[in-house]
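Novice: Next come a sequence and a model predicted from it.
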There are 4 protein chains.
Amino acid sequence: MKLPRPETETLSRSQKRRRDDIVQAALKIFDRDGFEAAKMTDIAREAEVAKGTLYLYFDTKIELLEAVILTEIMPTLQKMGEVAQSKTGSATDLLARQMRIAARRMASNEMASLLRHMVSGSSQHRRIIKLYYDNVVQSGIEHIKATLDYGVETGEFRQNIKDIDPLVLVGAHIYTAVWKILFADLEELDIEKLVDDHLELVLGGLLAYRQQDPTA
Amino acid sequence: MKLPRPETETLSRSQKRRRDDIVQAALKIFDRDGFEAAKMTDIAREAEVAKGTLYLYFDTKIELLEAVILTEIMPTLQKMGEVAQSKTGSATDLLARQMRIAARRMASNEMASLLRHMVSGSSQHRRIIKLYYDNVVQSGIEHIKATLDYGVETGEFRQNIKDIDPLVLVGAHIYTAVWKILFADLEELDIEKLVDDHLELVLGGLLAYRQQDPTA
Amino acid sequence: MKLPRPETETLSRSQKRRRDDIVQAALKIFDRDGFEAAKMTDIAREAEVAKGTLYLYFDTKIELLEAVILTEIMPTLQKMGEVAQSKTGSATDLLARQMRIAARRMASNEMASLLRHMVSGSSQHRRIIKLYYDNVVQSGIEHIKATLDYGVETGEFRQNIKDIDPLVLVGAHIYTAVWKILFADLEELDIEKLVDDHLELVLGGLLAYRQQDPTA
Amino acid sequence: MKLPRPETETLSRSQKRRRDDIVQAALKIFDRDGFEAAKMTDIAREAEVAKGTLYLYFDTKIELLEAVILTEIMPTLQKMGEVAQSKTGSATDLLARQMRIAARRMASNEMASLLRHMVSGSSQHRRIIKLYYDNVVQSGIEHIKATLDYGVETGEFRQNIKDIDPLVLVGAHIYTAVWKILFADLEELDIEKLVDDHLELVLGGLLAYRQQDPTA
DNA sequence: GATGAATGAGGGTTCATTCAT
DNA sequence: GATGAATGAACCCTCATTCAT
């Protein structure tokens, strides 16, 4: 005889604010203590509501985590791929912009949070992970692939680049998120320099002399 | 009246075996359930000892985690840098070997475990993280740097490569560990292909035509 | 600053209807879930009023139970005794009619409810139980006693029947209520047959031959 | 990864005592407060164990109730039917003894408890109710039926008694249990007198003169 | 040393009741 | 008066840790 919670869309303005406050508070406490160690009591106090109020908006702690991820973190990631597909300028330019966007996203606090929660929760969050995989990872890879193809078409990139898994280009930036979680207080990363270095490397290669492109 | 646990060095042979069994069991259970969700009871059962026995060897659950990381995971990582410093063959060869070792390590189950535990544990595991940073990350970077320098010396690598942060070369492989944790069941990674692709890319670069090395 | 609820008598017509709706709803939910498990929310929904409205009419959940019992169940029981005191016809007829009324009442849903609530509610419902005892049990017994006496007077019943506790005649039917609560889904009772059997037995007795009534 | 509780049979002597203590305590608290209102904390305190210890022996509160019923109450009821089947003496004697046993059982504290718990829990305890129905009710009825048949055979009882549902003989006594629960403090029952009255009534009937048995 | 029964603080969740609108 | 969102005390159950045997 459990009444379903009202849909998010049907909430009044003040209820939306209230819901937002809770999600914000949860984000903060989850980040401070980790999901498991986070106490509903603390979240309630942080949101300045009673503990019971949390349950007016979210049925369980884990649903609150899902809300945190879906409403706070995912949206900022959705944009990632979209931004850089304008196809104006050279493929090199395009790639550079995409890489910068990816790298900055990865280095953001939100990404660190998301990663932490997905990694920590393991088996519980399949749904979230699947969501992320489908929406962010896959599309990110495709956007990169499109740019690579484009570069080959225009003659900017080497022909055989086509055989390369684009994952090596985007995936590379994950380490910045990991770094942020683990080593942030030991050594700060200079993201901009790292991206530049990565681009420089990836575009020009390490080798001083290179055998002629076989397609040339 | 709490007696201090005997130092690890003073354990008898059979005690060492017992301690090892416990650590092995803990590794297994931590990996299966995650650190927070792992129950001491399950670890005891897995190790085929009584629950109380765990506490003869480790004061708390978190100390057991530290032991798991220190005795099971770190050593396999320590080797990483050392292996590839023989300086036999070309710098390209050397780098290729180092990258392969790094990539395989990152893709190993142990690395996935380590990463999961370090990432999950919020502020608790500073000690472990520091340890890892000092022993693995730093030295890994230095080993790569050494190889890069060597390649520049021999003329294999471009001069200006010296300015590049070596982190972009090793860090890149962290995504394989993350991938393993998150997406293993959604899509399998072909590590060897990825390493080859990465090497190909990093060595040759993307560009079809490259301006001559200014130092040449 | 708690205002006392207005007395039942001072309620407007529409308020009375509202109050009745609530009591009806409560009866339904109490029966479906039991008193403890019944939720005020469910009662409010069933009555199609807001939860707060319940508290305009009843201070606590337990007072609502009392109202359910007093306004819904007790009245139907009050009639029991009254019906059969018209003293028309033989004592046997009279007794038969009383027994039938008692048995049917006991087998009614209302009685099952009442019994359930009184039995379940531990020490809380002393007031209700006392009420029931005084109004129903005692008067029921007296009505039966009157009929027995009447039968002895008319010579229909044996003299020594006077010494028998009338409780054995009415009480007997309680089992139908209990049965209804417990075993209704295991085996249905044929109330009419049972009453007939009981009457047959009680009137004629089991013995094939009976020693002559000593008073005869 | 939940270890099943050890079977009751494999418990050590002191564990059995401990288990018994808990069941006893639960019986007491359940009776004092009713099942729903009973607090595990109170049961633990009553049993002089820690709250957690309860859960070493019983997985949930409801399992504890089942244990209370199965180990404390049912056994005393099981005997009911068995006792009176020796078939020594007249059918009248036999019936009298059976009725006395039934009546005393019904008036016992255990029966009051059992009834309360079965009635209160309603839908939850189908298993227990079914158990009780099969083991006690059904067999009780059959034992009575056997005696009735026996009495007809020996010529003690009237032929047409065979058509009577034996339930009216045993069921009749349920009211003593109900009475005990509800009215014990308002008026004490004299069980022995009630049984005698009931027997007298049932054997001899109410009627002063009876038409001759048609089968005679 | 080894055992595992016992402990009890702690946390997620429920729901009768309140009160601002 | 009516509403229903908000409250927070209460309670079942978990599990890391202890300690008597």
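Specialist: Noted; the coordinates are in hand. Numbers count the residues shown, from 1 in each chain, chains lettered A, B, ... in the order given.
Novice: hey, which helix or strand in chain A has the poorest pLDDT?
Specialist: helix A:74-83 (a mean of 62; mean pLDDT, DSSP states H and E).
Novice: chain center to the next helix or strand after that one: distance?
Specialist: Sequence-wise, the next helix or strand downstream of helix A:74-83 (DSSP states H and E) is helix A:91-106. Taking Cα atoms, centre = their mean, to the nearest Å, the mean C-alpha location of helix A:91-106 is offset from the chain mean by 14 Å.
Novice: And the average pLDDT for helix A:91-106 is what?
Specialist: For helix A:91-106, the mean pLDDT works out to 84.
Novice: packing partners for it?
Specialist: Using 3 or more Cβ pairs under 8 Å, 6 or more residues apart in numbering or on different chains; DSSP states H and E, the elements in contact with helix A:91-106 are helix A:74-83, helix A:138-154, helix A:167-170, helix A:174-183, helix A:191-204. The way it works is simple: take the backbone N, C-alpha and C, and place the C-beta from them, glycine included.
Novice: Reformat those as CSV; add mean neighbour count and distance to chain D.
Specialist: Listed next are the helices and strands packed on helix A:91-106 as CSV, based on neighbours: other Cβ atoms under 10 Å in any protein chain shown; distance: least, Cβ to the nearest Cβ, whole Å:
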stretch, mean neighbour count, distance to chain D
helix A:74-83, 15, 32
helix A:138-154, 18, 34
helix A:167-170, 24, 35
helix A:174-183, 22, 29
helix A:191-204, 19, 42
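Novice: can you tell me which of these comes nearest to residue A:19?
Specialist: helix A:74-83 (15.3 Å; Cβ to Cβ).
Novice: Report the contact partners of residue A:90.
Specialist: Going by Cβ atoms under 8 Å, 6 or more residues apart in numbering or on different chains, residue A:90 touches A:151, A:154, A:156.
Novice: Need phi/psi at it.
Specialist: Dihedral pair for residue A:90: phi -70, psi 160, per degrees, to the nearest 10.
Novice: Can you tell me which residues in chain A are near DNA strand E?
Specialist: Contact residues, chain A versus DNA strand E (Cβ under 7 Å from any atom of the strand): A:38-41, A:51-52, A:55, A:59-61.
Novice: top helix in chain A by residue count?
Specialist: helix A:13-33 (DSSP state H).
Novice: Stretch A:60-68 and chain B in contact?
Specialist: No - on the criterion Cβ under 8 Å from any Cβ of the partner chain, stretch A:60-68 is out of touch with chain B, staying 12.4 Å away.
Novice: Map the structural domains onto the sequence of chain A.
Specialist: A:7-58, A:72-204 (automatic domain parsing).
Novice: The first one near chain C anywhere?
Specialist: Read that as domain A:7-58. No - if you take Cβ under 8 Å from any Cβ as the test, domain A:7-58 misses chain C, and the best it gets is 12.1 Å.
Novice: Could you give the separation of that domain from the chain centroid?
Specialist: Relative to the centre of its chain, domain A:7-58 is centred 22 Å away, using Cα atoms, centre = their mean.
Novice: For burial, what's the neighbour tally of residue A:127?
Specialist: The tally of other residues near residue A:127 (other Cβ atoms under 10 Å in any protein chain shown) stands at 11.
Novice: Secondary structure element for it, which one?
Specialist: helix A:126-132.
Novice: picking up where we left off before, let's have the helices and strands packed on helix A:91-106 in a markdown table, adding distance to residue C:93.
Specialist: Shown next, in a markdown table, are the helices and strands packed on helix A:91-106 (distance: least, Cβ to Cβ, whole Å):
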| stretch | distance to residue C:93 |
| --- | --- |
| helix A:74-83 | 81 |
| helix A:138-154 | 88 |
| helix A:167-170 | 96 |
| helix A:174-183 | 90 |
| helix A:191-204 | 101 |
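Novice: Quick check: which of those helices is nearest to residue D:45?
Specialist: helix A:174-183 (46.1 Å).
Novice: Contacts for stretch A:174-185 next, please.
Specialist: So stretch A:174-185 is contacted by A:103, A:106-107, A:109, A:111-112, A:115-116, A:189, A:191, A:194, B:115, B:118-119, B:129, B:132-133, B:137, B:167, B:171-175, B:178 (Cβ under 8 Å, 6+ apart).
Novice: again, 6 Å this time
Specialist: Counting by Cβ atoms under 6 Å, 6 or more residues apart in numbering or on different chains, stretch A:174-185 makes contact with A:106-107, A:111-112, A:115-116, A:189, B:118-119, B:129, B:133, B:171, B:174-175, B:178, all of which sit outside it.
Novice: Max pairwise distance over the residues you listed: which two?
Specialist: Among these, the pair separated by the greatest distance (Cβ to Cβ) is A:111 and B:133, at 20.2 Å.
Novice: More neighbours: these two, which one.
Specialist: Using other Cβ under 10 Å as the criterion, residue A:111 and residue B:133 rank with residue A:111 on top: 24 against 16.
Novice: quick one: the helix or strand containing that one near DNA strand F?
Specialist: Secondary structure assignment for residue A:111, by DSSP H and E: helix A:109-121. No - Helix A:109-121 does not reach DNA strand F (Cβ under 7 Å from any atom of the strand); its nearest approach is 14.7 Å.
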